[in-house]
Structure formats: C-alpha cells, structure tokens
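A.B. asks: here's my sequence, what's the structure:
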Amino acid sequence: MKYVSGPYTQGQLLKDIHEIELSLARSYKIGGVITDAATQRSWRERVEDASIGRNTVAFDDLGYPTVLVAIPAFKESDVLAGGRNMHHPAFITNGAIKPFLYISKYQNFTVGSGASMRAVGLKYQDPGNTITFDNALLACKQKGSGWHLMTNAEWSAIALWCKSKGFMPRGNNNYGSDVAVTTEKGVPSYYYDSSGTKYIGRVATGSGPVGWSHDGSPFGIYDLNGNVYEWVSGMRLNAGEIQIIPDNDAADNTKDQTAASTAWKSMLQSGTLCYAKWTATKAYALNEVIAPANGKTYICTTAGTSGITEPTWPDSGTVTDGTAVWTYQTDLTIKYDFVSAPANDGAIQINTTTQANASSYYGQKTLETLAAYSGVTVPNLTKLLGLAPIDSSHGGDRLYMNSNGERLGIRGGLWIGTSGAGVFSLYLSYARSYAYYDIGFRSAFVL
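C.D. replies: Numbers count the residues shown, from 1 in each chain. Down below sits the predicted model:
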C-alpha cells in the first residue's frame, strides 16, 4: 500500500501501522530471523510507508528486526531557555553532527546468550527484564555497528522535546493503567503475586493508547513512562559525583563504559568537563582539567605526557607529572549530596561536596524541586542531560540517588511508580550488576 497526501484521521493511521507491526511481529515469531535482503526491504518499505517516514524497521547482523522512530536533530535553544544555538549533545557523536537519532519504538527483549545475545524491539511483546547494565549494553552492541543501548543524552533530549511541546507522555505507572487517566490501559503481559493477590505488572510493548507515545501519535516512542525502568548508558554516579561520556559518544558502541574506563568525565560548575581518572603515560594538552581525588581539580599548565606513577596531588601550587605540570585550582566538580546526614528517603541537592554514605542510604527529590546548595552554580549541561530541573514543572517525576560507590542510571519509572514515574524519572541507586524483574532496556541506532 502506498500513501498519498489526504485527510487521513489518526485512527486510520494508527490502524494501518498497528496491523503492519503486528504482522511483522508474527512473522518473526513464526519464522525467526529475517535474513533475505528483499524481504527485509519489503518490511522496511511497508513500515516507512505507513508511518509517512517517521518509523522504519532495521535488521541487525543476524537478521533480528527492531522498529525504530526517527528523531530529527534540534538545538539546545529549542528546548532550554537560554540554551545555545548549538545542537543538543544527543546529536553529536565523536564530534560529528547526526541529523537523526533512531530510537527503538518499543522496550526491548533479548534472544540468545553470550556472543549470540541480541536485543529485539517489536510491538506487543513482554518487555525484557532482569538484565544487568552490562548485559543490556552487550545485547545492543552485538547487533552491529551503530547499535547501542539508548544513552542518557538521547533519553533526556526526548524528555526535553516532550516538555517543550507541552506534552508529557503517560503510561503504565499504576498496575497496568495510568495514574492520571485511569481509563488508559495496556494489555497485561506479566502478573505478580503479593500476599496471595495477583496484580498487573508489565504490559505488552506498545499496547497502550497513543497517549503513551512520546508525541501522542501512532509513530512515537512508546512506554517511556512506567512499565519497566530502562538502563541508559553514558552517565553514572561515582561516590556521588556526576560523570558522563561527553556529548553522545556513548552511542559509539566501541567506547569503554566499564567501571575503570578513562572515558568517564566529571563536570565543573561552568559545564567544563574534566578527566575523572588519571592515566599513566597519557598526553595531556594545555588547559585540560583533571579531578582525580575527592573532587579536587587541577589544570594542565604545561602540556606533556604523564608519568608511570600517579603523583601525590597537592592542596595548592603545582605538581610535575612526567613532562606535564598540573596546577591546583579551587573549582570543584558537580555532585548529588544529601541535604542533611545520609538517610533513606533523605532530601538531596546539587553540591560540589558530598557526605560519606558508608551505609548505602538512598535519597530522593522530585526533579522540579531539586535545588543547589547555596553558592553552587548549576551548569546548563546538567539541565540538557535531564540531571537538573529547567523550571518548576516536570510532572512530579522523581530523582533517586545513592552516593555510595558506582551507580548506573535507570529511567522512566515502573508499573507502580504512579506520579513519580515519567520521562524525567531517574533512579541512580543500583550497581551495574543489579537485575530485577522491573528493569529493562531499549536499543538505539546512529548512522
């Protein structure tokens, strides 16, 4: 079927794309991977035709299909008052501007294991769950070049775009329905038992109404609010310090995102990024900054190559490191900290220092009420990455954090998140090894 311009209703468009995507899912379920080039092209053309080019279907190296939503590039100033006339970081990978992002329309599930494990994104499936951060990363990476676990930069770009358009997507955040519009329901795909009573948990991907897509259309990204939390890549907390992989470089699936990686950068109040880890025999350029210990920072005042042993970092003056020279500076890195002594459910704030949290307490705050400690400047980069509020209205979505050790991000909330779930919801309390039946993931693709 070829579409021509005309007065189509959203109901007609929804019916057409719905039927094609269900047919694709059935074809995969019955026949498995789709490797024939002509068949792949046929499915791609059908999806693109029915969605007026807003969706496509891509096949990975083994022939597993994933339906994708094309997100056109936009500028910081399009989504943030006072933002620069520059592309949002989500559209910059390894210094190159990407005109589109391609985000899985649906939460993913995995097939295979080990080297054969792949992520798949199709309509009306039980979303994948009980997966660690590293396995979610691997399932996406192994699909081939360009494929990756959805990054925090990508997620936050979409969240800010939604807010700029005045539409916050709803979803399964209240036992199969939306807490604000209880008549909106998904098709249950998992029930859980609590004291002998069964409750709806997960719902099938894309089974809710169009209000559960990011733009309120049949062609949007579904289930960003609730259902299952989703791991996002390229951002973490390390002892309370916010660390990122710059721009959308985490979309490059060759980037090292292990705990010990030198790709992680911390952030100053100015938004300047600095190395979060010292590296032996590395060439450092003039004016590069490093934050190797306790948030203290040092600027490279003589370019050179670091030594083979990490220097003892002073509280003032300079230190020679191989042929490089570092000078102490008073700037400190941006962190999440408890307002009072660490305690479960304690209020949190943005700060440049952090209290010891030896008992692994978690804190929380609605994003819209998250504030900075007196005298601390919140850089725009944290706002562009959905780590700080841009105003006082973010739908009540909640931020959780644990400042003990390394914590990776999960986004969106879950089926019991109620008003705290949503596109700005962020949970930074779990280690990369954590897995549970309410945590899933979503793949994405960049050309």
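A.B. asks: need the pLDDT of the residue sitting nearest the centre point of the chain.
C.D. replies: Residue closest to the average C-alpha location in the chain (CA atoms, centre = their mean): residue 152, at 2.8 Å. Note on residue 152: pLDDT of 98.
A.B. asks: now do the SS call for the closest residue to it other than its chain neighbours.
C.D. replies: Of all residues not flanking residue 152 in the chain, residue 235 sits nearest, at 3.8 Å (CB to CB, 6 or more residues apart in numbering). C-beta coordinates here come from the backbone N, C-alpha and C atoms, glycine included. When classified by DSSP: H, G, I helix; E, B strand; the rest coil, residue 235 comes out as strand.
A.B. asks: burial of residue 235, as a residue count?
C.D. replies: Using other CB atoms under 10 Å, residue 235 has 25 other residues around it.
A.B. asks: same check on residue 124?
C.D. replies: Residue 124 has 19 neighbours, counted by other CB under 10 Å.
A.B. asks: which SSE is it in?
C.D. replies: For residue 124, there is no host helix or strand (DSSP states H and E).
A.B. asks: and it, what does it touch?
C.D. replies: Shown in contact with residue 124 (CB atoms under 8 Å, 6 or more residues apart in numbering): 22, 25, 187, 204-207.
A.B. asks: tell me how many other residues crowd the spatially closest residue to it that is not a sequence neighbour.
C.D. replies: With CB to CB, 6+ apart as the criterion, residue 124 has its nearest non-adjacent residue at 4.6 Å, and that residue is residue 204. Per other CB under 10 Å, the neighbour tally for residue 204 reads 21.
A.B. asks: same deal with residue 218?
C.D. replies: A count of nearby residues for residue 218, using other CB under 10 Å, gives 24.
A.B. asks: got the contact list for the closest residue to residue 77 other than its chain neighbours?
C.D. replies: The spatially closest residue to residue 77, leaving aside those adjacent along the chain, is residue 83, at 4.3 Å (CB to CB, 6+ apart). By CB under 8 Å, 6+ apart, residue 83 lies in contact with 75-77, 380, 384.
A.B. asks: state the distance from residue 418 to residue 145.
C.D. replies: According to CB to CB, to the nearest Å, residue 418 stands 40 Å off from residue 145.
A.B. asks: residues in contact with residue 198?
C.D. replies: 191-192.
A.B. asks: rerun at 6 Å
C.D. replies: For residue 198, the contacting residues are residue 191, by CB atoms under 6 Å, 6 or more residues apart in numbering.
A.B. asks: residue 174 too?
C.D. replies: residue 418.
A.B. asks: and for residue 96?
C.D. replies: Neighbouring residues of residue 96 by CB under 6 Å, 6+ apart: there are none.
A.B. asks: confidence score at it?
C.D. replies: 98.
A.B. asks: what is it paired to in the beta sheet?
C.D. replies: Using DSSP bridges, the bridge partners assigned to residue 96 are residue 93.
A.B. asks: over to the one 5 residues further on?
C.D. replies: Beta-bridge partners recorded for residue 101 (DSSP bridges): residue 71.
A.B. asks: quick one: distance of stretch 321-341 to the chain centre.
C.D. replies: Taking the mean of its C-alpha atoms, stretch 321-341 sits 26 Å from the chain's own mean (CA atoms, centre = their mean, to the nearest Å).
A.B. asks: if you could redo that for stretch 315-331, that was the one I meant.
C.D. replies: 35 Å.
A.B. asks: can you get me the start-to-end distance on that stretch?
C.D. replies: In stretch 315-331, first residue to last residue: 12 Å (CA to CA, to the nearest Å).
A.B. asks: tell me which of the contacts of residue 124 fall in helices.
C.D. replies: Residues of the contacts of residue 124 located in helices (DSSP state H): 22, 25.
A.B. asks: can you tell me how far the residue nearest to the centre of the chain sits from residue 436?
C.D. replies: Separation of residue 152 from residue 436 (CB to CB): 20 Å.
A.B. asks: per-domain residue ranges of the protein.
C.D. replies: Using automatic domain parsing, the domain parsing of the chain gives 65-243+336-447, 244-332.
A.B. asks: give me whichever of those domains is most buried.
C.D. replies: domain 65-243+336-447 (a mean of 21; mean count of other CB atoms under 10 Å).
A.B. asks: so which residues make contact with the host helix or strand of residue 409?
C.D. replies: Element membership for residue 409, per DSSP H and E: strand 406-411. With contact meaning CB under 6 Å, 6+ apart, strand 406-411 is reached by 133, 152, 155, 229-232, 235-238, 259, 426-429, 432, 439.
A.B. asks: cutoff 8 Å now
C.D. replies: By CB under 8 Å, 6+ apart, the residues outside strand 406-411 that reach it are 133, 152, 155, 224, 229-232, 235-239, 259, 401, 423, 425-432, 439.
A.B. asks: next secondary structure element downstream of it?
C.D. replies: Counting by DSSP H and E, the next helix or strand C-terminal to strand 406-411 is strand 426-430.
A.B. asks: the residue nearest to residue 124 contacts residue 190, correct?
C.D. replies: No. Residue 204 is not in contact with residue 190 according to CB atoms under 8 Å; the separation is 9.3 Å.
A.B. asks: shared neighbours of the two, which are they?
C.D. replies: Common neighbours of residue 204 and residue 190 (CB under 8 Å, 6+ apart) are residue 126.
A.B. asks: and residue 118, what are its phi and psi?
C.D. replies: As for residue 118, its main-chain torsions (degrees, to the nearest 10) stand at phi -140, psi 150.
A.B. asks: once you drop chain neighbours, what's closest to it?
C.D. replies: Among residues not flanking residue 118 along the chain, residue 64 sits closest, at 4.9 Å (CB to CB, 6+ apart).
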